[in-house]
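[1] Got a sequence here, can you build the structure:
(one chain, ligands or ions: 1)
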Amino acid sequence: MWQNNPVYPVIWRNDSVSLIDQTRLPLEYSYVEISRSQDMAQAIKTMIVRGAPAIGVAAAYGMYFGAREIETSNRDKFLKHLEQVAQMLRDTRPTAVNLFWAISRMLKTAYETIGSIEEIQKTLLETAQAINKEDLQTCHKIGENGLKVLPETPEKLTLLTHCNAGALATAGYGTALGVVRSAWRGGRLERLFADETRPRLQGAKLTTWECVQERIPVTLITDSMAAHCMKQDLIHAVVVGADRIAANGDAANKIGTYSLALVAKAHNVPFYVAAPLSTVDFSLTDGSQIPIEERNSREIYQVGETAIAPEGIDFYNPAFDVTPAELITAIITEEGVLAPEDLRKYQNKQMV
Ligand code: MRU
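    The predicted structure follows:
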């Protein structure tokens, strides 16, 4: 049962990192051992580890691996090499800002640590472990804060989520799924509806798997069924995660989130984004500046190994979309439940 057996997608053990292989769930629950920076970059790229906070944590360990691979006692040469490792890790996925945030924090630590290369390496490991631990604590706070804002209803709540913003997408517990989990543990949740989340099916493969671990009643729907479910008054609120939030509250999340927000607005269903402050990119004034990852067309051309479309046609496969702030009821963070327009007040709370 969950409480005795929590899911941690990134685990530090035996001088290396064990990643739950998220490309194999739910059919197989296995780990990949990573101890080199290049392998960590590859694991992020191929989505063995995915989800904005989780790839931030993974990249932080990747920076430590890079630091321990550098063979020099010259500080300037060491920092130059470390910048190259940082760039290799940044080049993995462009949208989730937690990746860039964690890499910046690791670089800042290296520059600010006075002492030998060994001391810098040691401090980098401690910082990666701190990022991991802090994210777990942050998720628990997001879960608690979510309970303050979920609608009061005579019956227990039915929530809808998109993609996977759960333990697997973070250091553990989850952001959007952290809110769901807290509602479940607090006796306020009847059921979760999970969008399957075409094309990579994070909802079908990962969110439902997490619900099964914790015995949360879950109903899987295809993405296009959400409007119909809302029309039938089946959904009290939508809770999703985010990969990057601009300073004005526009939020990038898995492709399909924007249409879900439009549908929620049309049906007067509250639409919450749950994310840590490290997901906010205060350097961007609005969501149009958020880089959107485009992935391989095979993800929509094939289901498994089977082609589902004729050859010779074109494909467009953006992995994320941006939900405008005006469609977001509130942003649930570790610092509290914020109106999108109030985000800027929290800029100085963001640790880099
Ligand atoms: O492409 P993915 O699976 O990395 O996308 C993940 C999402 O879009 C999540 O909803 C988001 O990262 C929030 S995770 C707490």
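
[2] Spell out, range by range, the helices that occur in this structure.
    Assignment of helices within the chain using DSSP state H yields the ranges 37-45, 52-69, 75-90, 97-112, 117-149, 176-185, 202, 208-214, 226-231, 257-266, 298-301.

[3] How is the chain divided into domains?
    Following automatic domain parsing, the chain resolves into domains at 10-138, 143-349.

[4] Reformat the ones you listed into CSV and put mean pLDDT and mean neighbour count next to each item.
    C-beta coordinates here come from the backbone N, C-alpha and C atoms, glycine included. Shown next, in CSV, are those (pLDDT from 0 to 100; neighbours: other Cβ atoms under 10 Å):
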stretch, mean pLDDT, mean neighbour count
domain 10-138, 98, 19
domain 143-349, 97, 20
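
[5] tell me which parts of the stretch 151-300 of the chain are close to the ligand?
    163, 165, 169-170, 175, 202, 241-243, 253-254 (Cβ under 6 Å from any ligand atom).

[6] cutoff 8 Å now
    Neighbours of the ligand within the stretch 151-300 of the chain, by Cβ under 8 Å from any ligand atom: 162-166, 169-170, 174-177, 200, 202, 240-243, 253-254, 257, 274-275, 279, 293.

[7] residue contacts, the residue of the chain found nearest the ligand?
    Residue nearest to the ligand within the chain (Cβ to the nearest ligand atom): Gly241, separated by 2.7 Å. With contacts defined as Cβ atoms under 8 Å, 6 or more residues apart in numbering, Gly241 is in contact with 51-52, 163, 165, 169, 174-176, 253-254, 273-275.

[8] ok, those residues vs Glu152, which is closest?
    Nearest to Glu152 among the contacts of Gly241, counting by Cβ to Cβ, is Ala274 at 18.5 Å.

[9] separation between that closest one and Asn74?
    45 Å (Cβ to Cβ, to the nearest Å).

[10] What of Val85?
    16 Å.

[11] again, but for Val17
    Val17 sits 27 Å away from Asn74, going by Cβ to Cβ.

[12] cool, and Phe315?
    Applying Cβ to Cβ to Phe315 and Asn74 gives a distance of 48 Å.
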